[in-house]
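**Student:** Could you look at this predicted model? Sequence included:
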Amino acid sequence: MRSKQSRSGIRVKTLLAFGHLNLLRASQTPNGYKINRGGNVQNVTSFNGDIQQNQVKEPERMEASDEFQEYSILSSAKIFKRLKSMEKIYPNFVTLQSSQQLYGLQGAGGKDDCEFDHDVSFTDGCKNYILTIEDHAAHPNGSESWKRLPEVFLSGALHGNERVGPTAVVETANLLLEAASCEAKPHGMEPKVDDESRSKWLLSKEEGHACRKELYRIGIDDASRKWLARLVTTRRIVIMPTPNALGYYRNHRTELDIDPNRDFPFDLADSSQCMQTIAGRSINEVFRDHIFQLSLTFHAGMEVIAYEWGAPTYSDSLSPDHAAQKEISAGYSRFAGKFGRTPPYLTGTMNEEVYPVRGGMEDWAYAGSWDPDRVIECQPVTFDGYPAEKTVYNDSTLRAVNMLVEASNDKTPRSGLGTSQQLFNNVDDRGNGHIARNIRLSLIATDLVQPYVTIVGVNGIFLTDDISPGTDSSKFEKANKAVAIPKGQNNTVLKWTVGGGFTVDYTTILHSKWDNVDAQKIREGDLRGFTYAPATTGKTHWHADGADPPPNFGADENGFAAAMGPTFSITIDTSKYHVGDTIVVFATARVDQGWYMTVDGVSPNLPPTSHIVNARTNPDWSHESAQKIIQGRTEWFSIPLTLIISEDEEETKDLSNRLESLEGLPDYWGLTNDGKSEQENVLWSLVIPIAVASLLIIGLLFAAKWVMSRHRRQILQKQSDEEGDFMYDDDGIQLQKHAFI
């Protein structure tokens, strides 16, 4: 254990090194770049000076902050620069490609269009960019969790003169990436060896503190930052800011006089009248590569959020997923909010609130896989034609709830765009506008694509981590989320929240000793041996009635806020456990079971057909396409929490807090009792000789602490290896045969 003087010296060196690091970055960075709130180098010449410089200051009350971004409509060139900057700054989360690069499509336009796109191999027209946000470290390409990430699609502008959407989705992407990059720092727990890796970790920790303060200053509090980071790590978000790239560049509705939103093979009779545009083909190729559950397509000319049906054939009918579409659209409208004389978005079917169209993207993305009588094979002649087989779809590809967002009455509003001020607080208050509310709309769509459950507190201590971006989540270790609690406690208080849905039909806590956990049985869905707490019901914060029970927006003694959603609470008796016992705790929930209900007036007369409904209500739902998998289920589980029974009779301690040093604390993982296992005896047989040898040099007490600290993680890893690995994908326990979260 270092002396107080030694630790102070290290802190001073760390701060100096952090300052030197930023100066070094500045010196190595060309004019027009600076350090952003994520602690990364950022190109600001293309940002209109919107992003504030990273400054390390003390946090203050959020309502007092005057540092915020005033949104403005971005040009094609500025969108290009923003996308390139995100690709450079956030390589662990971003993939930027074009449909020309990925699918070999031509570019629409000529030599004078989108010149910023041109290079030696591409000299004519505009590229159609595809920005994909996913956590490559948590879900390596081709891994089981990568295949099962829930997917969301955001289309900025099929009509090039309707210009709110592209800016909204670009700003959404930037916000998500800043939050995830910040939340990822520092990476893992503090290394115990005082070498270069520890120095780098300490620098990363300082960067993490700095970016958290900066995000706080602009209204992104602790709970909001964690929520945004969760979305990045537990979803795949595919964004095409300007699918009609030529139209947006020229500020024209069409692509070379063809309307891209009449170019999809749904409810059409003439096979030559679809897939004529590069915009339509680009979206078609992207959908063929994914299984999207939710999608937004931004337009303008009125203010409404509309859903299926919009095809003339179904002008007097509701869709099979009407119940879900109605609730989702209303949730979108509430979170988007109102401002000035602009009311909340109206909601309803496209046939009622907008007008019927043939060849629309919305109905095609929703029903192209299950309504074959409405789908034709396209045979266009433009751009040298397009293979007809690319408009033949399997049973999985096109089942997205794809909503039309008519973002503003003016196709290109010049005022009332909003700011980043209080983006998630008082959404009907200051700062709201056309861009601001559609950032929120994009985020709620990303949230709702999959339910999740999170344990947020133990005995009044709010846990700092649930999802840690940039971390390989393929294996669970006990230390990933662990809390030491006092021995003999019969009133251990657990708090958890539920998100990604509206109605919480059932939720509870279950717990057991880790020693009693049989991984194989759990993989098969057998949870016998767990103690279940009494179940309850509730509502998430997206519900029309608000969160029930209310969210806990307060902070604990360390200043950490609870989650944004409802805060469920229950007391369990842990007095029967002994010092050194490790207890596994899960929170579980069922949500939105009412979505599977049928309503009158549905055509075709089918049960819900969308992925978003069946993935959370129908365990028999199973779809696979383009290496992506959707498996239905009704039960959703949190990441496991490990409770360690400690000798302490009063204090509860978060052992997985990356921002707090655990130096000098007891080695909770080494605690034993009279019933210690053979494995523990082996571990102690290793520790004791080392301690005795060290006694000859510096004394028993200090040597023991050093050894316990030095071997803490090795002991844990050995325990994990002997007990078996638990595979999990995104943010919860997936009780499926392939995995256990």
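**Tutor:** Cool, got the structure. Residues are numbered from 1 along each chain as shown.

**Student:** alpha carbons only for contacts and neighbour counts from here, please
**Tutor:** Noted.

**Student:** Check the secondary structure at the spatially most central residue of the chain for me.
**Tutor:** Nearest to the geometric centre of the chain sits residue 231, at 0.8 Å (C-alpha atoms, centre = their mean). What DSSP: H, G, I helix; E, B strand; the rest coil gives for residue 231 is helix.

**Student:** show me where pLDDT drops low in the stretch 551-700 of the chain?
**Tutor:** The model of the stretch 551-700 of the chain has pLDDT under 70 over residues 553-563, 661-700.

**Student:** Please, where are all the helices along it?
**Tutor:** For the stretch 551-700 of the chain, applying DSSP state H, counting those that start in this stretch gives helices covering 611-617, 678-698, 700-723.

**Student:** Distance-wise, check the residue nearest to the centre of the chain relative to residue 301.
**Tutor:** Residue 231 sits 30 Å away from residue 301, going by C-alpha to C-alpha, to the nearest Å.

**Student:** from what I can see the residue nearest to the centre of the chain touches residue 445, true?
**Tutor:** No. Contact between residue 231 and residue 445 fails when scored by C-alpha atoms under 8 Å: they sit 10.3 Å apart.

**Student:** and residue 600, how many neighbours?
**Tutor:** 10 (other C-alpha atoms under 10 Å).

**Student:** Now do the contacts for it.
**Tutor:** With contacts defined as C-alpha atoms under 8 Å, 6 or more residues apart in numbering, residue 600 has no neighbours.

**Student:** From residue 103, how far off is it?
**Tutor:** 42 Å.

**Student:** what does residue 183 give?
**Tutor:** Distance from residue 183 to residue 103, by C-alpha to C-alpha: 34 Å.

**Student:** again with residue 627
**Tutor:** Residue 627 is 17 Å from residue 103, by C-alpha to C-alpha.

**Student:** and what of residue 583?
**Tutor:** Distance of residue 583 to residue 103, given as C-alpha to C-alpha: 51 Å.

**Student:** cool, and residue 363?
**Tutor:** 24 Å.

**Student:** Among these two, which residue is more densely surrounded?
**Tutor:** Neighbour tally, residue 363 and residue 103, criterion other C-alpha under 10 Å: the higher count belongs to residue 363, 30 against 12.

**Student:** what are the phi and psi angles of the more buried one?
**Tutor:** Dihedral angles of residue 363 (phi, psi; degrees, to the nearest 10) stand at phi -70, psi -30.

**Student:** how about it, what does it touch?
**Tutor:** Applying C-alpha under 8 Å, 6+ apart, the residues contacting residue 363 are 266, 308, 309, 310, 311, 402.

**Student:** Which of the residues you listed fall within strands?
**Tutor:** Using DSSP state E, residue 402 are the members of the contacts of residue 363 that sit in strands.

**Student:** so which of the contacts of residue 363 comes closest to residue 605?
**Tutor:** Closest approach to residue 605 among those (C-alpha to C-alpha): residue 309, at 13.6 Å.

**Student:** correct me, but the closest one touches residue 317?
**Tutor:** Yes. Here residue 309 reaches residue 317: they are 7.2 Å apart, a contact under C-alpha under 8 Å.

**Student:** Please say which of those two ends up with more neighbours.
**Tutor:** The neighbour count for residue 309 versus residue 317, taken as other C-alpha under 10 Å, is higher for residue 309 (28 against 20).

**Student:** my read: residue 248 touches residue 156, true?
**Tutor:** No. If you go by C-alpha under 8 Å, residue 248 and residue 156 don't touch, sitting 9.9 Å apart.

**Student:** Overlap in contacts, the two.
**Tutor:** With C-alpha under 8 Å, 6+ apart, residue 248 and residue 156 have common neighbours 163, 242.

**Student:** how many neighbours does residue 414 have?
**Tutor:** Residue 414, neighbours per other C-alpha under 10 Å, totals 9.

**Student:** Residue 504 and residue 542 touch, don't they?
**Tutor:** No. At 11.1 Å, residue 504 does not count as touching residue 542 under the criterion of C-alpha under 8 Å.

**Student:** In three-state terms, label the closest residue in space to residue 92 that isn't next to it in sequence for me.
**Tutor:** Excluding the flanking residues, the one nearest residue 92 by C-alpha to C-alpha, 6 or more residues apart in numbering is residue 136, at 5.8 Å. Three-state call for residue 136 (three-state DSSP): coil.

**Student:** ok, residue 136 - how many residues close by?
**Tutor:** By other C-alpha under 10 Å, neighbour count at residue 136 equals 19.

**Student:** What of residue 627?
**Tutor:** Counted with other C-alpha under 10 Å, residues neighbouring residue 627 total 14.

**Student:** what do you get for residue 121?
**Tutor:** Using other C-alpha under 10 Å, residue 121 has 6 neighbouring residues.

**Student:** Over to residue 141?
**Tutor:** Neighbour tally, residue 141, other C-alpha under 10 Å: 12.

**Student:** where's it relative to residue 397, distance?
**Tutor:** The spacing between residue 141 and residue 397, counted by C-alpha to C-alpha, is 20 Å.

**Student:** and if you look at residue 488?
**Tutor:** As for residue 488, its distance to residue 397 is 54 Å (criterion: C-alpha to C-alpha).

**Student:** Neighbour count: these two, which is higher?
**Tutor:** A direct count of neighbours by other C-alpha under 10 Å for residue 488 and residue 397 places residue 397 higher, at 26 against 19.

**Student:** Can you tell me the closest non-neighbouring residue to that one?
**Tutor:** That would be residue 291: by C-alpha to C-alpha, 6+ apart, it lies 5.3 Å from residue 397.

**Student:** Could I get the contacting residues of the one you found?
**Tutor:** Residue 291 makes contacts with 151, 396, 397, 398, 399, 400, 625, 626, 628, 629, 630, as judged by C-alpha under 8 Å, 6+ apart.

**Student:** what about it, distance to residue 301?
**Tutor:** Separation of residue 291 from residue 301 (C-alpha to C-alpha): 30 Å.

**Student:** same thing with residue 401?
**Tutor:** Remark: distance between residue 401 and residue 301 (C-alpha to C-alpha) = 22 Å.
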